[in-house]
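heads up, no residue letters with this:
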């Protein structure tokens with residue numbers, strides 16, 4: 001195995017973590033068409049789901065089956081419980097998870113083909129590589145990843161590429177959630193910390209898109225200040241910055257493992273090289289808004 005993919009505490013682990021962050025930045029736009037593309041919004045409406053947020057929660061949770069609201073709250077982590085409960089479990093009365101899965105895949109595939117002309121060519125090269133990464137990833141403690149890995153790959157290679165990127169972004173996200181929970185941070189507190197960080201999303205974007213009220217936000221800030229993570233001015237303290245750096249670093253270290261185990265360094269570099277232009281096409285289309293609650297940083301197409 002190439003030294004770039006040694007254990008997390010190896011001298012060159014920083015390189016592996018940089019790779020994990022880079023591959024997320026070029027993979028997330030490919031996945032995220034499912035939230036923002038008009039094809040996806042229309043598909044959710046046509047299958048029977050009511051409103052953007054019911055479509056969001058049902059489509060993202062559909063690989064888990066017709067689960068209760070509490071399961072979605074736990075897996076998605078950073079949404080206000082009341083926001084989840086306005087959509088789940090009612091969504092399953094309008095459309096079965098199997099129908100939602102079919103609709104989301106077909107819509108994401110159509111959106112990618114429209115906004116990213118290179119998607120089909122990229123899929124031909126990426127699918128064998130990403131398939132190995134998905135197969136090498138550990139599903140333990142990662143419900144959204146494990147559920148997405150269990151979804152049958154679409155026959156359309158562009159759809160199969162979208163499904164692979166979706167599984168891997170959920171793998172990263174599940175690991176991130178585990179780390180946040182281990183640090184005793186609740187769903188609102190994580191957003192307050194992120195908004196206070198350099199490069200964090202605006203407070204209004206996070207609060208409005210995750211269902212937290214101004215009172216919720218102030219209470220979370222007070223709790224963080226009580227832990228010494230926020231100062232009186234609302235900025236991160238040295239301890240707060242250290243905690244954020246620890247969580248992000250560990251998230252990257254955990255996310256890189258299946259790439260390290262499945263690919264050579266040259267193959268991993270090729271994944272980034274092929275995904276980069278594809279992500280650029282998605283971004284250039286204006287499909288993904290900036291700023292956004294996913295925390296995806298703006299970058300040049």
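Received the coordinates, thanks. Please read these numbers as outputs of a predicted model, since none were measured by experiment.

where along the stretch 151-300 of the chain do the helices fall?
Counting by DSSP state H, counting those that start in this stretch, the stretch 151-300 of the chain has helices at residues 157-182, 187-196, 203-210, 214-226, 238-262, 265-284.

other SSEs contacting the second one?
Read it as helix 187-196. Applying 3 or more C-beta pairs under 8 Å, 6 or more residues apart in numbering; DSSP states H and E, one finds that helix 187-196 contacts helix 203-210, helix 214-226, helix 238-262. All C-beta spots, glycine's among them, are computed from the backbone N, C-alpha and C.

okay, the ones you listed in a markdown table with mean pLDDT next?
Listed next are the helices and strands packed on helix 187-196 as a markdown table, based on pLDDT from 0 to 100:
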| stretch | mean pLDDT |
| --- | --- |
| helix 203-210 | 93 |
| helix 214-226 | 97 |
| helix 238-262 | 95 |
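
quick one: contacts for residue 90?
Residues in contact with residue 90 (C-beta atoms under 8 Å, 6 or more residues apart in numbering) are residue 54.

Now do it against residue 210, distance only.
19 Å (C-beta to C-beta, to the nearest Å).

Then residue 249?
Residue 249 is 24 Å from residue 210, by C-beta to C-beta.

Nearest the geometric middle of this protein, what residue?
Geometric centre of the chain, nearest residue: residue 169, 4.8 Å, by C-alpha atoms, centre = their mean.

Which helix or strand contains the spatially closest residue to that one that is not a sequence neighbour?
Counting by C-beta to C-beta, 6 or more residues apart in numbering, residue 31 is the residue found nearest to residue 169 once chain neighbours are left out, at 4.9 Å. For residue 31, the element it lies in under DSSP states H and E is helix 13-36.

go on, residue 39?
Residue 39 is part of helix 38-47 when elements are defined by DSSP H and E.

ok, back up a step: need the helices of the stretch 151-300 of the chain in CSV with distance to residue 24, can you?
Shown next, in CSV, are these (distance: least, C-beta to C-beta, whole Å):
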stretch, distance to residue 24
helix 157-182, 6
helix 187-196, 15
helix 203-210, 18
helix 214-226, 25
helix 238-262, 7
helix 265-284, 10
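
among those, which is nearest residue 101?
Minimum separation from residue 101 across the helices of the stretch 151-300 of the chain (C-beta to C-beta) falls at helix 157-182, 9.9 Å.

what comes up buried for the closest one?
Buried residues in helix 157-182, counted by 16 or more other C-beta atoms under 10 Å: 157-180.

Report all helices and strands that it contacts.
helix 13-36, helix 97-115, helix 119-136, helix 143-149, helix 238-262.

okay, the angle between that helix and helix 119-136?
Here helix 157-182 runs at an angle of 40 degrees relative to helix 119-136 (axes from the mean of the first three to the mean of the last three C-alpha atoms, to 10 degrees).

roughly how far is helix 157-182 from the heart of the chain?
Offset of helix 157-182 from its chain centre (C-alpha atoms, centre = their mean, to the nearest Å): 6 Å.

now swap in stretch 281-290 and tell me
Offset of stretch 281-290 from its chain centre (C-alpha atoms, centre = their mean): 16 Å.

Give me the mean pLDDT for it.
What stretch 281-290 shows for mean pLDDT is 95.

cool, stretch 65-79 as well?
For stretch 65-79, mean pLDDT rounds to 97.

what's in contact with that stretch?
Under C-beta under 8 Å, 6+ apart, the answer for stretch 65-79 is 57, 60-61, 64, 81, 84-85, 88-89, 92, 96-97, 143-144, 147, 174, 177, 180-181, 187-188, 190-191, 210-211.

Show me what counts as buried in it.
Using 16+ other C-beta under 10 Å as the burial criterion, the residues of stretch 65-79 that qualify are 66-67, 69, 71-73, 75-79.

same question, stretch 272-284
For stretch 272-284, a neighbour-count test (16+ other C-beta under 10 Å) marks 272, 274-276, 278-283 as buried.

Could you do stretch 221-240 as well?
For stretch 221-240, by 16+ other C-beta under 10 Å, it's 221, 223-225, 229-230, 236-237, 240.

can you list these in a markdown table and add distance to residue 18?
Shown next, in a markdown table, are the buried residues of stretch 221-240 (distance: C-beta to C-beta, whole Å):
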| residue | distance to residue 18 |
| --- | --- |
| 221 | 31 |
| 223 | 32 |
| 224 | 28 |
| 225 | 32 |
| 229 | 25 |
| 230 | 28 |
| 236 | 22 |
| 237 | 26 |
| 240 | 23 |
